[in-house]
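Enquirer: Just the structure for this:
(4 chains)
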Number of protein chains: 4
Amino acid sequence: MAEHEHGYIHRKDDYLKRLRRIEGQARGLQRMVEDEKYCIDILTQVSAMTKALQAVSLGLLEEHMSHCVLDAARASEAEGEAKVSEAVEAISRLVKS
Amino acid sequence: MAEHEHGYIHRKDDYLKRLRRIEGQARGLQRMVEDEKYCIDILTQVSAMTKALQAVSLGLLEEHMSHCVLDAARASEAEGEAKVSEAVEAISRLVKS
Amino acid sequence: MAEHEHGYIHRKDDYLKRLRRIEGQARGLQRMVEDEKYCIDILTQVSAMTKALQAVSLGLLEEHMSHCVLDAARASEAEGEAKVSEAVEAISRLVKS
Amino acid sequence: MAEHEHGYIHRKDDYLKRLRRIEGQARGLQRMVEDEKYCIDILTQVSAMTKALQAVSLGLLEEHMSHCVLDAARASEAEGEAKVSEAVEAISRLVKS
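Expert: Okay, the predicted model is just below:
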């Protein structure tokens, strides 16, 4: 079943590290609000955190497409189509978020 | 070679109609500026036009993935990978634009 | 009443020029679909057009805030608040589009 | 000096609560990666978290504009202009992030 494992597994540690850093950014934002920092400086940190999250999504998406979508395409036309629809819905949520 | 034609071709007329409507929105915006309409009303129209463009991209992307990417996946692992990389770069530009 | 004219009026020609270029991009996209160009190349053009529209919105927004919002702030607290709410709604539509 | 305090202070607890929830979402994402959940489900959570962050920014921005920007506008033309430029730069980072 190696074919069907999730693509990001090979870089699990990398993703965990990036998500821990993002968690740290969320804590940093709480400290800024607690210390009543200037709004614009808080907004700058929110933009940085959003960009970090976006980079995580694009990375996960690439691995999903390289593994799950391509594997499905090789398995059957119907499976390939189903995975593409699902991926496009996820992309649509990313583009709109 | 039917396998390698671009996916959107089957809906060419639909895409042309949507793009003509977007072209019309661009002309409408020029009229609004010409007539010195209220900024906020112009911004509302720009948002509508951006959403229409986004819908066109997501449609084209879905057809590209259903046709070119899946066909490439069936052709060979290397071709599949190459098409996925190229698609993810395009998605990244969409997410950031 | 000079105070209440729309800010962008002083750069009307610049905005009209940018919007005509955007209209040209919409026509260019129709030609690409007509000529059955490669999807990814079409998506690249859509991203460029979206960025051009975004630059127009940010420009209009800056002029709106420098003129209408600041004038309203000077006129009365209530008018200032009303213009800020209206501007934030427009910004929210831009962020989500 | 009450006029110059940051607008969000009056809702500090609300912002802290929202940011703690966002921190929790970042931890939830780490658990999903740890447990090797399906990529698309992870992407859905990332989109939800991005939307929550976006709502925080739009809220902070509204309070910043209602307080700091309007106060500056009443203080002097130059201060008003400076705060508008700064706010538009922050909005531009939000729109692009």
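Enquirer: hey, let's count contacts and neighbours off CA atoms from now on
Expert: Will do.
Enquirer: residues of the longest helix anywhere in chain A that come out buried?
Expert: In chain A, assigned by DSSP state H, the helix with the most residues is helix A:39-64. If you call a residue buried by 16 or more other CA atoms under 10 Å in any protein chain shown, then helix A:39-64 has these buried ones: A:39-40, A:42-54, A:56-58, A:60-64.
Enquirer: which other helices and strands contact it?
Expert: Of the remaining helices and strands, those touching helix A:39-64 by 3 or more CA pairs under 8 Å, 6 or more residues apart in numbering or on different chains; DSSP states H and E are helix A:12-34, helix B:77-96, helix D:39-64, helix D:77-96.
Enquirer: how big is the angle separating that helix from helix D:39-64?
Expert: Direction vectors for helix A:39-64 and helix D:39-64, defined by axes from the mean of the first three to the mean of the last three CA atoms, to 10 degrees, enclose an angle of 170 degrees.
Enquirer: residues from chain A in reach of chain B?
Expert: Contacts of chain A with chain B, taken as CA under 8 Å from any CA of the partner chain, map to A:58, A:61-62, A:65-66, A:70, A:73-74, A:80-81, A:84-85, A:88, A:91-92, A:94-96.
Enquirer: Can you pull the poorly scored residue ranges out of chain A?
Expert: For chain A, applying pLDDT under 70 flags the ranges A:1-5.
Enquirer: need the contact list for A:Val84.
Expert: A:Val84 makes contact with A:Val69, B:Glu62, B:Met65, B:Ser66 under the criterion CA atoms under 8 Å, 6 or more residues apart in numbering or on different chains.
Enquirer: Skipping its backbone neighbours, what lies nearest the residue of chain A found nearest chain C in space?
Expert: Chain C sits closest to A:Lys96 of chain A, with a gap of 6.0 Å, by CA to the nearest CA. Using CA to CA, 6 or more residues apart in numbering or on different chains and skipping residues adjacent in sequence, the residue nearest A:Lys96 is C:Lys96, 6.0 Å away.
Enquirer: now swap in A:Glu63 and tell me
Expert: Distances taken as CA to CA, 6+ apart place A:Gly7 nearest to A:Glu63, at 4.9 Å, with adjacent residues excluded.
Enquirer: and A:Ser76, backbone torsions?
Expert: The phi/psi pair for A:Ser76 (degrees, to the nearest 10) reads phi -170, psi 160.
Enquirer: what's the neighbour count on it?
Expert: Counted with other CA atoms under 10 Å in any protein chain shown, residues neighbouring A:Ser76 total 12.
Enquirer: same question, the one 10 residues further on
Expert: A:Glu86 has 13 neighbours, counted by other CA under 10 Å.
Enquirer: For the closest residue to it other than its chain neighbours, list the residues it contacts.
Expert: The shortest distance from A:Glu86 to any residue other than its chain neighbours is 7.8 Å, reached at D:Ile40 (CA to CA, 6+ apart). Applying CA under 8 Å, 6+ apart to D:Ile40 gives the contacts A:His64, A:Glu86, A:Ala87, A:Ala90.
Enquirer: between the residues you listed, which is closest to A:Gln30?
Expert: A:Ala90 (29.2 Å; CA to CA).
Enquirer: pretty sure that closest one is touching D:Val46, no?
Expert: No: A:Ala90 lies out of contact with D:Val46 (CA atoms under 8 Å); the separation is 10.2 Å.
Enquirer: so how far is C:Ser76 from the residue positioned nearest the centre of chain A?
Expert: Central residue of chain A (CA atoms, centre = their mean): A:Ser57, 2.0 Å from the mean position. In this structure, A:Ser57 and C:Ser76 are separated by 45 Å, where distance is defined by CA to CA, to the nearest Å.
Enquirer: Can you get me a residue count around A:Ala75?
Expert: Here the number of neighbours of A:Ala75 (other CA under 10 Å) works out to 12.
Enquirer: ditto for A:Glu79
Expert: Counted with other CA under 10 Å, the burial measure for A:Glu79 works out to 16 neighbours.
Enquirer: Equivalent analysis for A:Ala78, please.
Expert: Residue neighbour count, defined by other CA under 10 Å, stands at 11 for A:Ala78.
Enquirer: Excluding chain neighbours, what is closest to the residue in chain A that chain B sits nearest to?
Expert: Ranked by CA to the nearest CA, the top residue of chain A for proximity to chain B is A:Val95, at 4.7 Å. For A:Val95, the nearest residue in space outside its immediate sequence neighbours is B:Val95; the separation is 4.7 Å by CA to CA, 6+ apart.
Enquirer: Report the contact partners of the one you found.
Expert: A:Leu94, A:Val95, A:Lys96.
Enquirer: The first one touches D:Gln45, doesn't it?
Expert: No: A:Leu94 is beyond contact range of D:Gln45, at 10.5 Å (criterion: CA under 8 Å).
Enquirer: what residues are up against A:Gln25?
Expert: A:Gln45, A:Met49.
Enquirer: Could you report the separation of it from C:Leu53?
Expert: Relative to C:Leu53, A:Gln25 is positioned 31 Å away (criterion: CA to CA).
Enquirer: ok, now A:Tyr38?
Expert: With the distance defined as CA to CA, A:Tyr38 ends up 30 Å from C:Leu53.
Enquirer: And A:Leu94, by the same measure?
Expert: Separation of A:Leu94 from C:Leu53 (CA to CA): 20 Å.
Enquirer: Same question for A:Tyr8.
Expert: With the distance defined as CA to CA, A:Tyr8 ends up 35 Å from C:Leu53.
Enquirer: repeat for A:Val33
Expert: Shown here: A:Val33 relative to C:Leu53, a distance of 34 Å by CA to CA.
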